[in-house]
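**Student:** Give me a 3D structure for the following:
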Amino acid sequence: MEYFIDTIEVDEIVISNFNFTYLLKEHKTYYEEQINKIGFNFINNLAKVLISQYRLKYYATLDQLIKNNNVDRNEYDFYNMNSFDSFLENTENNIKVFTEKDLKILKSIIDIADIFLKNALNENNFESLINSFYKLKDKLESNNFVLCNDRLIKINQDSGTPLFMYEIERCV
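**Tutor:** Next comes the predicted model:
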C-alpha cells in the first residue's frame with residue numbers, strides 16, 4: 001500500500017485578514033465571532049495536518065529501519081511503541097494551535113523532529129528515531145500545544161461498576 005507523504009510549508013499558506021466591509025455592517029459582533037472561529041479552526045486543522053505528516057514520516061522511517069536492521073527492533077519495542085502511537089494519535093486529535101505565530105512554532109518543532117528522523121535513516125539508528133519522538137513530545141508539551149498529564153481515574157457508574165477514564169490537565 002502506497003502512502004502520500006508531502007510537507008506543508010507554513011510560509012506558503014496564505015492566512016490573511018480579509019476586509020468584510022459589507023458583511024460586518026449589520027450584525028458585526030456575530031460575523032466577527034464566526035470569522036474568528038473559522039480562522040482558529042483553519043489554523044488548528046493545519047496543525048493537525050502537520051502532526052499527521054510527522055506520523056507518516058515516523059512510520060516510514062521505522063519501516064526503513066526495520067528493513068535495514070531488524071535486530072534493533074527489540075530495542076524499539078522495549079520503549080513501548082504503543083505509548084508512542086497513543087501520544088501521537090492523542091496529539092493529532094487534541095492539539096491546540098490557534099495563532100499563526102504558534103503554527104510557525106509548531107512547524108519549527110516538527111522540522112527539528114524531522115532532522116532526527118533523517119539522521120535515523122542516515123545512520124540506521126533506532127535511537128535517533130526514539131529521540132525524534134521525545135524531542136517532539138517535550139516541545140509540544142512545553143509550548144502547551146497538547147495536554148500532557150493523563151491520569152487514569154476510576155468513576156463509579158450508577159450500577160456500581162467502575163469505569164475508567166482519563167483525566168487530562170494542561171501542562172504547567
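**Student:** which helices and strands does the longest helix anywhere in the chain pack with?
**Tutor:** When the chain is scanned for its longest helix (criterion: DSSP state H), the result is helix 28-68. If you count contacts as 3 or more C-beta pairs under 8 Å, 6 or more residues apart in numbering; DSSP states H and E, helix 28-68 packs onto helix 73-78, helix 81-94, helix 100-123, helix 126-142. C-beta here means a position set from N, CA and C on the backbone, and glycine is covered the same way.
**Student:** Go through those helices and name the closest to residue 49.
**Tutor:** Between residue 49 and these, the tightest spacing by C-beta to C-beta is seen for helix 81-94, at 9.2 Å.
**Student:** before we move on, the earlier item: quick check: angle from the longest helix of the chain to helix 126-142?
**Tutor:** Angle, helix 28-68 to helix 126-142, by axes from the mean of the first three to the mean of the last three C-alpha atoms, to 10 degrees: 170 degrees.
**Student:** average pLDDT for helix 28-68?
**Tutor:** Helix 28-68 comes out with an average pLDDT of 88.
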